[in-house]
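> could you look at this predicted model? Sequence included:
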Amino acid sequence: MKPSFREATPDGDTLPRQLCDHCGYVAYDNPKIVVGAVVRFERQILLCRRAIEPSRGKWTLPAGYMEHGESPQEGAAREAFEEATADISIEGLLAVYTIKRIGQVQLIYRARLGSASFAPGPESEAVRLFPEDALPWDDLAFPSVHWALTQERAAGGPFVNPEGSETARL
């Protein structure tokens, strides 16, 4: 029998969900977790030029979706290796950003690059170390990259969305 779903509020719940008409299974649609890092090497920051949409050709942090069976820190390290063949050491949580309109929660870490050895992975056109005073602010892929780079310079954290960011576009 082919599943048939309808939108309804399950008993004991407060939100409408997709329910199977045959067995009552609830198909939850929850936010996706994105993990990434602001990676430093000496006084420089590692950025990747995107080879894929959205924002192809723009600079971003090494980041992507967390996979089942890994911790957020493991996911951030994996993403740095996949996008920049970079071996990084996670130092701590920098920020937690919520991008409600696209259902993402982003966990961004502070990290160190083990050596100046890196190269573009399949999702990157280029990978480069930028001096702190030469970051490509006008060519960043997403508002959350701007937030992370700005907040990484500040002492403290972990940080959250900047005030008024609800209307920011990714």
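Here it is on my side, so go on. Numbers count the residues shown, from 1 in each chain.

> most centrally placed residue in the chain?
The residue lying closest to the centre of the chain (C-alpha atoms, centre = their mean) is Val34, at 3.6 Å.

> helix, strand, or coil at that residue?
strand (DSSP: H, G, I helix; E, B strand; the rest coil).

> so which residues of the protein form helices?
Taking DSSP state H, the helices of the chain run over residues 72-84, 143-153.

> deepest-packed of these, please.
helix 72-84 (a mean of 21; mean count of other C-beta atoms under 10 Å). For every residue, glycine as well, the C-beta is placed using N, CA and C.

> quick one on the thing from earlier: among the helices of the chain, which is nearest Lys100?
Among those, the nearest to Lys100 by C-beta to C-beta is helix 143-153 (12.4 Å).

> now that closest one, how far from the centre of its chain.
Taking C-alpha atoms, centre = their mean, to the nearest Å, the mean C-alpha location of helix 143-153 is offset from the chain mean by 12 Å.

> Val39 and Ala63 touch, don't they?
No - counting by C-beta atoms under 8 Å, Val39 sits too far from Ala63 to count as a contact (10.3 Å).

> please parse the protein into its domains.
Domain assignment for the chain, taken from automatic domain parsing, gives 1-29, 32-154.

> surely Val105 and Pro31 touch.
Yes - if you go by C-beta under 8 Å, Val105 and Pro31 touch, sitting 5.1 Å apart.

> so what sits against both of those two?
Common neighbours of Val105 and Pro31, using C-beta atoms under 8 Å, 6 or more residues apart in numbering, are Thr98.

> if we can go back for a sec, tell me the contacts of the residue lying closest to the residue nearest to the centre of the chain once chain neighbours are set aside?
In this structure, Val34 finds its nearest non-sequential neighbour in Gln106, 4.4 Å apart by C-beta to C-beta, 6 or more residues apart in numbering. Gln106 makes contact with 33-36, 63, 95-99, 144, according to C-beta under 8 Å, 6+ apart.

> what pairs with Gln106 across the strands?
Val34, Tyr97 (DSSP bridges).

> distance of it relative to Ile33?
For Gln106, the distance to Ile33 equals 8 Å [C-beta to C-beta, to the nearest Å].

> just Pro54 next, same as before
18 Å.

> and for Tyr65?
Tyr65 is 7 Å from Ile33, by C-beta to C-beta.

> neighbour count: those two, which is higher?
Ile33 (14 against 11; other C-beta atoms under 10 Å).

> quick one, strands of the protein?
5-8, 17-20, 26-27, 32-41, 44-50, 59-60, 63-65, 88-99, 104-113, 124-131 (DSSP state E).

> let's have those strands in a markdown table, adding distance to Ala76.
Output for those, formatted as a markdown table (distance: least, C-beta to C-beta, whole Å):
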| stretch | distance to Ala76 |
| --- | --- |
| strand 5-8 | 34 |
| strand 17-20 | 31 |
| strand 26-27 | 29 |
| strand 32-41 | 4 |
| strand 44-50 | 12 |
| strand 59-60 | 13 |
| strand 63-65 | 7 |
| strand 88-99 | 6 |
| strand 104-113 | 5 |
| strand 124-131 | 16 |
